[in-house]
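Student: okay, predicted coordinates and the sequence, questions at the end:
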Amino acid sequence: MSRWTRYLERASHVIGTYQGDTPLAPVLKDYFRGERQMGSTDRRIVSDLVYSFYRLGWAVRELPLEERLLLAYWLTRTASSPLLAALRPEWDALVGLTPSEKVAVFDARAAPGPAFPDGIFPWKDALSRGVDPPALALSHLQQPDFYIRVRPGRLDDVMAALKRNGIPFEVIDGPAGAPALRLPAGASLQDLLPPDVDYVVQDLSSQRVGTLLSPVLAAPGGAPRVWDCCAASGGKSIMVKDLYPRARLTVSDIRPSILHNLDRRFAAAGIRYEQALVADLSKPGADPGVFDLVLADVPCTGSGTWSRTPEQLYFFDPEKICEFARLQRAILRRVAPAVVPGGYLLLITCSVFAEENEGNVAFLLQEGLELCQQEVFKGYGQGADTLFGALLRKPARV
Ligand SMILES: C[S@@+](CC[C@H](N)C(=O)[O-])C[C@H]1O[C@@H](n2cnc3c(N)ncnc32)[C@H](O)[C@@H]1O
């Protein structure tokens, strides 16, 4: 057996034992821990083979596993590789084509019927309006970029540290003129600059959702009361405070452990909340008061982020869309009454499915809110996640 077929065998072993119920990264780490004789190049090749396999999503599942591994490896690479040169030289010669050119070459040879790009992401009828199905499907073939949001006044320090360490970056406009930096996928800053002090790791679309905050929080005077009701470790909360330091924050989440992470991040960021509570908002319970803005970044399928975690695309059960929509509506029904008359609710998901996006907007309209603005923040095609945001307003009392 050649070195190259041994890589395929190792990748097939990982894929054959992995059921998708935990994230793939720690599973691969455990596997490599048990295979001490593998060097770093071996690990990288096996890891690339496994990840690229899941990037095929639901396409070509009828092909033998080894064929799918080679096809996936080719589709997701941009430069010639010894493995492809040895096992599929005719594909390696075409490795410089774009993913869409490559799938056209493959589809033309395969029979019957087109395998790509629809096969990668087969739920195109369930997508939010404006999402381009082929572009979204093809985006799963590439690892997205790594984005950071630079904290106020820290751009020069962050850029200097990146330059000193030879890390390439591109500056992009974020919400309210705040700079976002695009870094190569896999860049690691932890050891150069402590996170949350000078910068926050935050996807570009997640930052752009912040543009929906401006009509709410930029009004002169006052100190708006904001409830980040599904706060997790506080990514959106820190953004709110950075963009609008006068905001008075309440944070909550169902998980106490994630609120401990939030506490650590807030301490590093030097910002404070007014109250924090652990609450399952799908059920009746504690009443944290009334707010000028409720930010509902609700739990969702995460389908706008699957190019980062392609194993979730591969194992997705479409029944989850309705399950999440039910949970989201239970949470929205509970938090909407906390918006003061004339106040706002900002719904956010990292989903591309209409049921979780426009479906929830329709639900909130029935609950008496009015739609101000909604947008799909499309990250596919620019190496970022896709998010949905909708700003709704509770009519003022007459
Ligand atoms: C999309 S994440 C929020 C991300 C966060 N806003 C940020 O920017 O980092 C959704 C959060 O909702 C929380 N959650 C899930 N079910 C919940 C429930 N029933 N009540 C309250 N929070 C819930 C999850 O623990 C998770 O942290």
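Tutor: Done, it's in.

Student: all helices in the stretch 51-200 of the chain, in order from the N-terminus.
Tutor: Taking DSSP state H, counting those that start in this stretch as the test, the helices found in the stretch 51-200 of the chain are 65-76, 82-87, 89-92, 99-109, 133-139, 155-164.

Student: need the ones you listed in JSON lines (columns: mean pLDDT, mean neighbour count and distance to R334).
Tutor: Using the backbone N, CA and C atoms, a C-beta is placed for each residue, glycine as well. Converted to JSON lines, those look like this (pLDDT from 0 to 100; neighbours: other CB atoms under 10 Å; distance: least, CB to CB, whole Å):
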{"stretch": "helix 65-76", "mean pLDDT": "96", "mean neighbour count": "21", "distance to R334": "42"}
{"stretch": "helix 82-87", "mean pLDDT": "96", "mean neighbour count": "17", "distance to R334": "52"}
{"stretch": "helix 89-92", "mean pLDDT": "96", "mean neighbour count": "14", "distance to R334": "53"}
{"stretch": "helix 99-109", "mean pLDDT": "86", "mean neighbour count": "16", "distance to R334": "42"}
{"stretch": "helix 133-139", "mean pLDDT": "96", "mean neighbour count": "21", "distance to R334": "31"}
{"stretch": "helix 155-164", "mean pLDDT": "93", "mean neighbour count": "14", "distance to R334": "39"}
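
Student: these into a markdown table, with extra columns for distance to the ligand?
Tutor: Formatted as a markdown table, the helices of the stretch 51-200 of the chain follow (distance: least, CB to the nearest ligand atom, whole Å):
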| stretch | distance to the ligand |
| --- | --- |
| helix 65-76 | 27 |
| helix 82-87 | 37 |
| helix 89-92 | 38 |
| helix 99-109 | 28 |
| helix 133-139 | 19 |
| helix 155-164 | 20 |
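
Student: can I get the ones you listed in CSV with distance to G285?
Tutor: Below are the helices of the stretch 51-200 of the chain laid out as CSV (distance: least, CB to CB, whole Å):
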stretch, distance to G285
helix 65-76, 46
helix 82-87, 55
helix 89-92, 57
helix 99-109, 47
helix 133-139, 37
helix 155-164, 41
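
Student: among those, which comes closest to G119?
Tutor: Closest of those to G119 is helix 133-139, at 7.9 Å (criterion: CB to CB).

Student: what's the closest one packed up against?
Tutor: Applying 3 or more CB pairs under 8 Å, 6 or more residues apart in numbering; DSSP states H and E, one finds that helix 133-139 makes contact with helix 99-109.

Student: elements contacting the helix it packs on?
Tutor: Applying 3+ CB pairs under 8 Å, 6+ apart, we find helix 99-109 packed against helix 65-76, helix 133-139.

Student: so which of the ones you listed is nearest D242?
Tutor: Among these, the nearest to D242 by CB to CB is helix 133-139 (28.4 Å).

Student: spell out which residues of the stretch 201-350 of the chain are next to the ligand.
Tutor: Contact residues, the stretch 201-350 of the chain versus the ligand (CB under 6 Å from any ligand atom): 230-233, 235-236, 253-255, 258, 279-282, 297, 299, 331.

Student: show me just the buried residues among those.
Tutor: Listed as buried from these are 230-233, 235-236, 253-254, 279, 281-282, 297, 299, 331; burial here means 16 or more other CB atoms under 10 Å.

Student: state the pair within these that is farthest apart.
Tutor: Top of the distance list for these (CB to CB): G235 and S282, 21.5 Å.

Student: what strand or helix carries the residue lying closest to F377 once chain neighbours are set aside?
Tutor: Closest residue to F377 apart from its sequence neighbours, by CB to CB, 6 or more residues apart in numbering: S205 at 4.0 Å. Mapping S205 onto the secondary structure by DSSP states H and E places it in helix 204-208.

Student: what packs against that helix?
Tutor: In terms of contacts (3+ CB pairs under 8 Å, 6+ apart), helix 204-208 is packed against strand 146-150, strand 179-183, helix 235-243, strand 387-393.

Student: run the last query once more with 10 Å
Tutor: With contacts taken as 3 or more CB pairs under 10 Å, 6 or more residues apart in numbering; DSSP states H and E, helix 204-208 sits against strand 146-150, strand 170-173, strand 179-183, helix 235-243, strand 370-377, strand 387-393.

Student: one step back: nearest to E355, of the helices and strands packed on helix 99-109?
Tutor: Nearest of the helices and strands packed on helix 99-109 to E355, taken as CB to CB: helix 133-139 at 16.0 Å.

Student: contacts for the closest one next, please.
Tutor: Applying CB atoms under 10 Å, 6 or more residues apart in numbering, the contact partners of helix 133-139 are 55, 57-59, 75, 98-100, 102-103, 116-125, 127, 132, 303-304, 306-307, 313, 352, 378-386.

Student: mark which of those are buried, thanks.
Tutor: 55, 57-59, 75, 99, 102-103, 116-121, 127, 303-304, 306-307, 313, 352, 378-380, 383-386.

Student: in terms of helices and strands, where is S351?
Tutor: Under DSSP H and E, no helix or strand contains S351.

Student: what's the neighbour count on it?
Tutor: By the criterion of other CB atoms under 10 Å, S351 has 28 neighbours.

Student: pretty sure G389 sits against Q207.
Tutor: No - using CB atoms under 10 Å, G389 makes no contact with Q207, being 11.5 Å away.

Student: looking at these two, which is more packed in?
Tutor: The residue with more neighbours, out of G389 and Q207, is Q207; 27 against 24, by other CB under 10 Å.

Student: the nearest residue to the more buried one once chain neighbours are set aside and the ligand: what is the separation?
Tutor: Among residues not flanking Q207 along the chain, G174 sits closest, at 4.4 Å (CB to CB, 6+ apart). Separation of G174 from the ligand (CB to the nearest ligand atom, to the nearest Å): 14 Å.

Student: next up, the contacts around G174.
Tutor: If a contact means CB under 10 Å, 6+ apart, then G174 has 147, 149-150, 180-181, 202, 204, 206-208, 210-211, 239, 243 as its contacts.

Student: same check, this time on W123
Tutor: W123 neighbours (CB under 10 Å, 6+ apart): 58, 133, 303, 316, 318, 321, 352-353.

Student: ok, the closest residue to the ligand within the stretch 1-150 of the chain - how many residues close by?
Tutor: Of all residues in the stretch 1-150 of the chain, R149 sits closest to the ligand, at 11.1 Å by CB to the nearest ligand atom. Using other CB under 10 Å, R149 has 24 neighbouring residues.
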